[in-house]
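Asker: Build the 3D model from these lines:
(one chain, ligands or ions: 2)
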Amino acid sequence: MRRVEPQAAAERRQPYAGRGRRAEPPPGGGRLGRPWPPFLPGAGTASHLVELSLARLDEERPGPPPRPYVGVEGGRGARRRAQGARAVPELGTAIRPRPACHRVRRVTKERQVARAVDALRRGWPVRVDGLYILAIETADEAGLAAFDGDRPADILISGNRAATLKLTNQREGTPTGPVRIARAPWIDLAEATAIADPALDLATPLKGPFQTMPPMLADVDAVRAEDGGPAADAASAAIRLARLAGLLPALFVSETAETELTVAAADIASHRESDTLVVASRARLPVAAAEKAEIVAFRSTGDAAEHVALLIGSPDGRPPLVRLHSECLTGDVLGSLKCDCGPQLSGALDAIRAAGWGILLYLRQEGRGIGLVNKLRAYALQDQGFDTVDANLRLGFGDDERDFGVAARMLTLLSQDKVRLLTNNPRKAAALEAEGIAVVERVPLQIAANPHNEAYLAAKRDRSGHQL
Ligand SMILES: Nc1nc2c(ncn2[C@@H]2O[C@H](COP(=O)(O)OP(=O)(O)OP(=O)(O)O)[C@@H](O)[C@H]2O)c(=O)[nH]1
Ligand SMILES: [Zn+2]
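Answerer: Ligands and ions are numbered 1, 2, ... in the order given. So this is what the prediction gives:
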């Protein structure tokens, strides 16, 4: 039986001492100007607070023996061991939410980018340096009317989408960066949606005529942003923001609108999920492929996605066999035959178990980083005859929008700097190497084709350079 200490004993020790929590109210009151509740150990006001000694809990309910997993030597776990408390298996440090008494947090650039992403998804305007933007995909009539004000806002699309629409930049030929289309009176929300969404390309094959209505294509470089810096940077950042939001890279754009939400183009451009990624939690997880496995979940402050690592077997001194698996809901969960993701996932787990020690990183990068909704749009285009690469380009994205810096950061947090990589994709190996993870061997992960994914695998081999 666990014994609850009498209050008198609790009063001699400070609960949570040394954990960075304040024990006494700060001078001048608490959070948001409200007075802090009294917390005066020994004054009889906190009768429910007792200290449960870690050492005593251990005597009564011994913890598991330390597992031989990786971690940062000399970290919090090592200190606890040195103090004789229960040995905590080490694998990076889980970051707890801040206590409720923590006062107003600094608004970081990650938080500002996250807010902007959220606003775009909800159909709210955002200001990026001197450009105001509203996502075409999530705008409604009332929101667009408010955004337009006295003068119709223009349209901004990615260079890839502009190339699909054959909107050549008047000065430079084929555009590489975003292209701005002056909005003629006939371009209402429905027309703008047809410009944005290639699923409608067949239904409305004749768009425009844009070129005959100058200045339909304004070179964004010529427009200076109000806050300084070329509007081209703001335009590129705005397009990136749409992709981070999982939206089509097509926006209404204007130099005059109203919103309280401003985000700097430079903050969007430098936003990297890996910068703020931390270990959030971990647990033992026997899986069908391997009973001896452990799951580790990762979070970052700027993105909602939670990435996961599954550690299989025990470290044996060799670099682990590592699989970077990008999320594919349709293949991983529903058994889609259009791709090779499901069989690759189970094949990778089997290969890691057979190797004795390895890690599967489950990366929340659905659709090669364009998100589930856009991947399904790409599938609809593939049913029209476009291959997996062209479908992405028609949507306005690159062929592969994934940032493997996240995977490198996860490996670093797991204290792994050398890996044997299970992949047919040389880009993954190069990306890890660029982030400081040595890929000592590439191990192929070949899956037999089926009639539904033959063309997909051929496009990966012939157009994306996969070694199949
Ligand atoms: N945009 C798009 N994404 C797809 C399509 N088919 C599969 N995907 C996504 O592609 C990703 C699969 O990538 P992986 O298997 O991790 O990696 P890979 O680039 O194929 O390389 P390997 O390591 O050799 O398998 C998943 O995020 C899928 O959702 C498609 O037709 N279009
Ligand atoms: Zn898939």
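
Asker: Report the beta-bridge partners for the closest residue in space to residue 311 that isn't next to it in sequence.
Answerer: Excluding the flanking residues, the one nearest residue 311 by Cβ to Cβ, 6 or more residues apart in numbering is residue 294, at 4.6 Å. (Each C-beta comes from the backbone N, C-alpha and C, glycine too.) For residue 294, the beta-bridge partners under DSSP bridges are residue 284, residue 311.

Asker: Hmm, residue 294 is touching residue 287, no?
Answerer: No - using Cβ atoms under 8 Å, residue 294 is not in contact with residue 287; the gap is 10.1 Å.

Asker: For the two, indicate the residue with more neighbours.
Answerer: For residue 294 and residue 287, the more surrounded residue by other Cβ atoms under 10 Å is residue 294, and the numbers stand at 19 against 14.

Asker: any idea how far the more buried one is from residue 306?
Answerer: Residue 294 is 16 Å from residue 306, where distance means Cβ to Cβ, to the nearest Å.

Asker: Stretch 411-422 close to ligand 1?
Answerer: No - Stretch 411-422 lies out of reach of ligand 1 by Cβ under 6 Å from any ligand atom, never closer than 7.2 Å.

Asker: Show the end-to-end separation of that stretch, please.
Answerer: 14 Å (Cα to Cα, to the nearest Å).

Asker: Could you do stretch 297-305 as well?
Answerer: Using Cα to Cα, the end-to-end distance of stretch 297-305 comes out at 10 Å.

Asker: If you count neighbours, what's buried in it?
Answerer: Residues 298-303 are the ones in stretch 297-305 that count as buried (16 or more other Cβ atoms under 10 Å).

Asker: By pLDDT, give me the weakest of the residues you listed.
Answerer: Across the set of the buried residues of stretch 297-305, residue 302 stands lowest in pLDDT, at 78.

Asker: how about it, what does it touch?
Answerer: 110-111, 113-114, 271, 273, 275-276 (Cβ atoms under 8 Å, 6 or more residues apart in numbering).

Asker: Now tabulate the residues you listed in TSV and tack on distance to residue 435.
Answerer: Shown next, in TSV, are the contacts of residue 302 (distance: Cβ to Cβ, whole Å):
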residue	distance to residue 435
110	19
111	24
113	21
114	23
271	16
273	13
275	12
276	15
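
Asker: what's the closest of these to ligand 2?
Answerer: Among these, residue 273 lies closest to ligand 2 (Cβ to the ion), at 21.1 Å.

Asker: and that closest one, what is it in contact with?
Answerer: By Cβ under 8 Å, 6+ apart, the residues touching residue 273 are 300, 302-303, 305, 403, 405-406.

Asker: Same question for residue 200.
Answerer: Residue 200 is in contact with 193-194, counting by Cβ under 8 Å, 6+ apart.

Asker: Can you give me the pLDDT of it?
Answerer: For residue 200, pLDDT reads 74.

Asker: what's the overlap in contacts for residue 294 and residue 287?
Answerer: Among the neighbours of residue 294, those also in contact with residue 287 (Cβ under 8 Å, 6+ apart) are residue 310.

Asker: Now look at stretch 154-162 and say if it contacts ligand 1.
Answerer: No - using Cβ under 6 Å from any ligand atom, stretch 154-162 never reaches ligand 1; the gap is at least 12.8 Å.

Asker: can you check stretch 361-368 too?
Answerer: Yes - shown here: stretch 361-368 in contact with ligand 1 (Cβ under 6 Å from any ligand atom) through 365-368.

Asker: what residues does the stretch 301-450 of the chain put near ligand 1?
Answerer: Residues of the stretch 301-450 of the chain lying near ligand 1 (Cβ under 6 Å from any ligand atom): 325-328, 339, 341, 344, 365-368, 370, 375, 378, 388, 392, 423-425, 428, 445.
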